[in-house]
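[1] Sequence first, predicted model second:
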Amino acid sequence: MTTTRRTVLAGTAAVAAGAFLATASTTSATASSARKPKPTVVLVHGAFADASGWNAVATRLLREGYPVIAPANPLRSVSADSAYLASVLATISGPVVLAAHSYGGMVITNAATGNANVKALVYVAAFAPDVNDTLLGLQTKYPGSRLNETALDFRPYGEGLVDGYIKKDAFHDVFAGDVPRATTDLMWAGQRPADARTLGEPSSAPAWRTIPSWYLVARNDQVLPAAAQRFMAQRAGSQVREVSASHVAMISQPAAAADIIARAAC
């Protein structure tokens, strides 16, 4: 065999070996990526609601292989509810994506502060407060909210405490105008009471200052005006998507809500 032929064959073998190693490395990296566990998605509901409002979103996320939990939000006070959620998060190992609707945004903003496992916050037509912000202050910062005292029933409990409920004749149009009335009638019947004290309780240091956030703006929201949602999203530096939806965007637009959560989880 001539020297030239030996050189060519040796060079060909070296190229083939290099290609094999590169392919093996790529395959190994892909397999490693595929084995990487997905973060746990924690879905937090807001006032006048329960975790079932996330059912259609949870179904999609579970189908995509995400571990999902949707704990009950006590709806007693910003500080107490945030402490409760923080205690739930403390039981979860590995990365977490927190997604919240409406008042639930107040809760995740406070509960996630200082928790290194929380990798992303997702707000779905939700409050994203800064320090000392209140629910009432953010809700009325821009015109357009129809959730006022005339739309609420107040029922006393305990020593001087009051819960609020949305009135039946206001529930569909104000809270969930793009959801069938047969569904909103059930939602009204099973609504969770919200302690009226939460309206004026100031929020603490926001987790969105150190944790990346995403925001799904509901353009047709009659509870939390879209202008307020855009303001909070911009202030938090959130990645924003908008949909033509009522306040309960996770019910009327579950695919959009699931998609933005999945993007945050990547």
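    Happy to help now that I have it.

[2] Where does pLDDT dip in the stretch 1-150 of the chain?
    1-34 (pLDDT under 70).

[3] So which residues of it form helices?
    3-35, 55-63, 78-89, 104-111, 135-139 (DSSP state H, counting those that start in this stretch).

[4] What helices and strands are in contact with the third one?
    Counting contacts by 3 or more C-beta pairs under 8 Å, 6 or more residues apart in numbering; DSSP states H and E, helix 78-89 packs against strand 40-44, helix 104-111. C-beta coordinates here come from the backbone N, C-alpha and C atoms, glycine included.

[5] in that helix, what's buried?
    Neighbour counts over helix 78-89 (16 or more other C-beta atoms under 10 Å) mark Val78, Ala80, Asp81, Ser82, Tyr84, Leu85, Ala86, Leu89 as buried.

[6] what do you get for the second one?
    Neighbour-count burial for helix 55-63, with 16+ other C-beta under 10 Å as criterion, is recorded at Ala56, Val57, Ala58, Arg60, Leu61.

[7] so how far is stretch 252-264 from its chain's centroid?
    Taking C-alpha atoms, centre = their mean, to the nearest Å, the mean C-alpha location of stretch 252-264 is offset from the chain mean by 9 Å.

[8] Over to stretch 38-57?
    The chain centre lies 8 Å from the centre of stretch 38-57; the measure is C-alpha atoms, centre = their mean.

[9] list the buried ones in it?
    Applying 16+ other C-beta under 10 Å to stretch 38-57 flags 38-51, 53-54, 56-57 as buried.

[10] Send me that stretch as PDB with only the CA atoms.
    Only the C-alpha atoms of stretch 38-57 are listed here, as PDB (Å, rounded to 0.1, in the frame of the first residue of the first chain):
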ATOM      1  CA  LYS A  38     -40.100  18.900  34.200                       C
ATOM      2  CA  PRO A  39     -40.800  21.500  36.800                       C
ATOM      3  CA  THR A  40     -43.900  21.000  39.000                       C
ATOM      4  CA  VAL A  41     -46.600  23.500  38.000                       C
ATOM      5  CA  VAL A  42     -48.600  24.900  40.900                       C
ATOM      6  CA  LEU A  43     -51.900  26.500  40.000                       C
ATOM      7  CA  VAL A  44     -53.300  29.000  42.400                       C
ATOM      8  CA  HIS A  45     -57.000  30.100  42.100                       C
ATOM      9  CA  GLY A  46     -58.300  33.500  43.100                       C
ATOM     10  CA  ALA A  47     -61.300  34.900  45.100                       C
ATOM     11  CA  PHE A  48     -64.800  33.700  44.500                       C
ATOM     12  CA  ALA A  49     -63.400  30.500  43.000                       C
ATOM     13  CA  ASP A  50     -61.800  27.100  43.700                       C
ATOM     14  CA  ALA A  51     -59.100  25.000  42.000                       C
ATOM     15  CA  SER A  52     -61.600  23.500  39.600                       C
ATOM     16  CA  GLY A  53     -61.300  26.600  37.500                       C
ATOM     17  CA  TRP A  54     -57.800  25.300  36.400                       C
ATOM     18  CA  ASN A  55     -59.100  21.900  35.300                       C
ATOM     19  CA  ALA A  56     -58.900  22.400  31.600                       C
ATOM     20  CA  VAL A  57     -55.400  23.900  31.900                       C
END
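
[11] Please name the residues that touch Ala56.
    By C-beta atoms under 8 Å, 6 or more residues apart in numbering, the contact list for Ala56 reads Met250, Ile251, Pro254, Ala258.

[12] give me every residue that touches the nearest residue to Leu121 once chain neighbours are set aside.
    Distances taken as C-beta to C-beta, 6 or more residues apart in numbering place Ser213 nearest to Leu121, at 4.3 Å, with adjacent residues excluded. Ser213 makes contact with Ala120, Leu121, Val122, Tyr123, Ala128, Ala233, Ala236, Gly237, Ser238, Gln239, Ala264 under the criterion C-beta under 8 Å, 6+ apart.

[13] Next, work out how far apart Ser213 and Ala56 are.
    According to C-beta to C-beta, to the nearest Å, Ser213 and Ala56 sit 22 Å apart.

[14] Please apply the same query to Ser82.
    According to C-beta to C-beta, Ser82 and Ala56 sit 26 Å apart.

[15] What of Thr91?
    On the measure of C-beta to C-beta, Thr91 and Ala56 end up 26 Å apart.
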